[in-house]
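**Q** Build me a structure from this.
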Amino acid sequence: METQLCDALVVIDLQNGVCYDQTEIFGLGFLTKRVNERILLYKEQQKQIIFVQHCDKELISGTTVWEILPEIIQPSEARYVEKTHADAFFETTLQELLIALHVQTLEICGAQTEYCVDTSIKVAHHLGYQVKMLPSLTTTYDNPFMSAQETIAFYEKIWDRRFVEFMA
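**A** Predicted coordinates:
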């Protein structure tokens with residue numbers, strides 16, 4: 001399945017410590033396969049690929065838990081942004097990087113749906129970026145209120161045509 005590509009693919013928090021917190025995050029095999037397909041398409045079309053990595057007292061920069069999942073393809077030309085907040089733009093270099101690269105459209109994927117992905121989508125929208133996504137390319141864990149699958153569906157319904165254009 002080939003879809004129109006954005007100016008940049010932003011991969012949020014697909015890190016060892018995020019995706020393997022006490023259990024494996026929901027649908028990880030499917031997600032890594034699909035994200036890798038997207039990365040290869042962006043690489044082939046010489047589009048920007050940006051990995052966003054969360055840093056905190058458990059996800060310490062440079063440690064194994066902080067690293068991007070080994071299953072995820074990381075092209076040599078990919079760029080990296082570290083963040084300390086659910087918002088990938090808050091006190092990071094992401095906005096400056098996107099401006100320097102003349103990015104106007106973003107495709108976002110990653111973890112966790114209701115935290116960093118949701119916040120970053122809404123802030124990107126607020127900043128004037130056109131945000132596009134493929135359905136089911138975010139993930140999370142079950143919580144006391146909803147299963148991971150229900151959470152993903154719930155957020156995709158909120159994002160659809162408000163903050164995100166879903167691609168077929």
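**Q** Now for the closest residue to residue 103 other than its chain neighbours, how many residues are close by?
**A** Closest residue in space to residue 103, ignoring its immediate chain neighbours: residue 7 at 4.2 Å, by C-beta to C-beta, 6 or more residues apart in numbering. All C-beta spots, glycine's among them, are computed from the backbone N, C-alpha and C. Using other C-beta atoms under 10 Å, residue 7 is surrounded by 17 other residues.
**Q** isn't residue 7 right next to residue 106, touching?
**A** Yes. Counting by C-beta atoms under 8 Å, residue 106 is a contact partner of residue 7 at 7.1 Å.
**Q** Quick one: residues contacting residue 109.
**A** Residues near residue 109 by C-beta atoms under 8 Å, 6 or more residues apart in numbering: 9-12, 31, 34-35, 38, 117, 133-134, 137-138.
**Q** got any ranges where this structure has weak pLDDT?
**A** Flagging of the chain using pLDDT under 70 yields the residue ranges 1-3.
**Q** again, 90 this time
**A** Along the chain, the model assigns pLDDT under 90 to residues 1-4, 21-22, 168.
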